[in-house]
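Asker: predicted model follows, preceded by the sequence.
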Amino acid sequence: MAGTTAPERAGTSKGGGTLYRGDLGMWSWVAHRITGVLTFFFLFAHVLDTALVRVSPDAYDKVIETYKNPIVNLFEVGLVGAVLYHALNGIRVMLVDFWEKGARYQKQMLWAVLGVWVLVMIPGTYYMMVRTVTDLLGGGH
Amino acid sequence: MSELTLAKPRAPRRPAARRSNSELYSWLFMRISGVALVVLVLGHLFIMNILDGGVHRINFGFVAGRWASPFWQMWDLAMLWLAQIHGGNGLRTVINDYARKDATRFWLKVLLYVSMVLIIALGSYVIFTFDPNITD
């Protein structure tokens, strides 16, 4: 199968194209699907919880209060990470489609996507978690 | 069953395809809405989750303060519609790829379309009729 023969066949598959299946590019597509589907499901819940502002301030505040705990905070970091990957890789997909050299540089662009993702997620995670961690360690209010 | 006229395999010229261009428009929509959503959603996540302590400062008063501004109302409305249609169209593709039986595919899509209409309608209703002085 393609996966095991990729190294020697890369760039020389029939038709003169390059091999995508089984290669890193395929996994970027798999990750794009998974992060997209997860975000769509989250969005369903998120519109329902925000709709509570139409019921009463108390109902909304009660539900939002349950989000202010360490476990949900971790999910929040996961959600931001998923959406950020989907956004960055989406830009890469558009460049592959519309930029004449996009397909040739798809792999380099994937490394750029992962690099930017790490660079944004390090400070992002810090700012999302700092309050929770301070509360946990401080023990106070 | 009605008669289906098919061209012979080696017919010199096949009848013009009667397919629509809907998949092309769907592909184009994903890219146009994608560009808009990069700004709308990443901006939303940055403001809501990262600035000023993130979710810890969010409550009814915070929402009321934001939706007092037509700018943020329109931001949220555009984000709601584009994200639902972009995500719904993505899920349609996923269902088409993985559903094995026609009946499964049909019912999953019915479920998907119902949920999209429900979320877009509910979200738009809430943005347009939001009342900061609603009685507690």
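Answerer: Noted; the coordinates are in hand. Numbering: from 1, shown residues only, chains lettered A, B, ... in the order given.
Asker: only C-alpha atoms for contact and neighbour calcs from this point on.
Answerer: Fine.
Asker: all helices for chain A, in order.
Answerer: A:2-9, A:24-50, A:57-67, A:70-98, A:106-138 (DSSP state H).
Asker: which residues are in contact with the most centrally placed residue in chain A?
Answerer: With distances taken as C-alpha atoms, centre = their mean, the residue of chain A nearest its centroid is A:A82 (2.0 Å). Listed by C-alpha atoms under 8 Å, 6 or more residues apart in numbering or on different chains, the contact set of A:A82 reads A:T35, A:G36, A:T39.
Asker: the residues you listed: which ones sit near chain B?
Answerer: A:G36 (C-alpha under 8 Å from any C-alpha of the partner chain).
Asker: out of the contacts of A:A82, who's nearest chain B?
Answerer: A:G36 (6.9 Å; C-alpha to the nearest C-alpha).
Asker: near chain A, which residues of chain B?
Answerer: B:31, B:34-35, B:38, B:42, B:45, B:49-51, B:53-56, B:58-60, B:84, B:87-88, B:90-91, B:94, B:115, B:119, B:122-123, B:126, B:129-131, B:134-136.
Asker: of those residues, grab the buried ones for ChimeraX.
Answerer: Applying 16 or more other C-alpha atoms under 10 Å in any protein chain shown to the residues of chain B next to chain A, the buried members can be selected in ChimeraX as follows:
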select /B:31,34,38,45,49,50,53,54,55,56,58,59,60,84,87,88,90,91,119,123,126,130,131
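Asker: mind checking which of the residues of chain B next to chain A are in helices?
Answerer: Using DSSP H, the residues of chain B next to chain A in helices are B:31, B:34-35, B:38, B:42, B:45, B:60, B:84, B:87-88, B:90-91, B:94, B:115, B:119, B:122-123, B:126, B:129.
Asker: ok now stretch B:115-125, how far from the chain's centre?
Answerer: Put simply, stretch B:115-125 sits 10 Å off its chain's centre (C-alpha atoms, centre = their mean, to the nearest Å).
Asker: again, but for stretch B:48-60
Answerer: Using C-alpha atoms, centre = their mean, the offset of stretch B:48-60 from its chain centre is 25 Å.
Asker: what mean pLDDT does that stretch have?
Answerer: With pLDDT averaged residue by residue, stretch B:48-60 scores 85.
Asker: repeat for stretch B:21-35
Answerer: 95.
Asker: repeat for stretch A:75-90
Answerer: 96.
Asker: and stretch B:78-96, by the same measure?
Answerer: Mean predicted confidence for stretch B:78-96 is 97.
Asker: same check on stretch A:49-57?
Answerer: Per-residue scores along stretch A:49-57 average to 95.
Asker: so how far is the first residue of it from its last?
Answerer: 12 Å (C-alpha to C-alpha, to the nearest Å).
Asker: do it and chain B meet?
Answerer: Yes - using C-alpha under 8 Å from any C-alpha, we find that stretch A:49-57 touches chain B at A:A51, A:V53, A:R54, A:S56, A:P57.
Asker: got the buried residues for that stretch?
Answerer: Under 16+ other C-alpha under 10 Å, the buried positions of stretch A:49-57 are A:T50, A:A51, A:L52, A:V53, A:R54, A:V55, A:S56, A:P57.
Asker: stretch A:105-115 now?
Answerer: A:Q106, A:K107, A:M109, A:L110, A:V113.
Asker: wait, which of those residues is closest to chain B?
Answerer: Using C-alpha to the nearest C-alpha, the buried residues of stretch A:105-115 come closest to chain B at A:V113, 13.8 Å.
Asker: ok, and the closest non-adjacent residue to the closest one?
Answerer: Spatial nearest neighbour of A:V113, chain neighbours left out: A:L88 (5.7 Å); criterion: C-alpha to C-alpha, 6 or more residues apart in numbering or on different chains.
Asker: just checking, the one you found touches A:G115?
Answerer: No - the criterion here is C-alpha atoms under 8 Å, and A:L88 misses it with A:G115 at 10.3 Å.
Asker: who's in contact with A:N69?
Answerer: Contacts of A:N69 (C-alpha under 8 Å, 6+ apart): A:T132.
Asker: quick check: phi and psi on it?
Answerer: phi -140, psi 160 (degrees, to the nearest 10).
Asker: could you report the pLDDT at the closest residue in space to A:K107 that isn't next to it in sequence?
Answerer: Among residues not flanking A:K107 along the chain, A:G25 sits closest, at 6.8 Å (C-alpha to C-alpha, 6+ apart). pLDDT for A:G25: 85.
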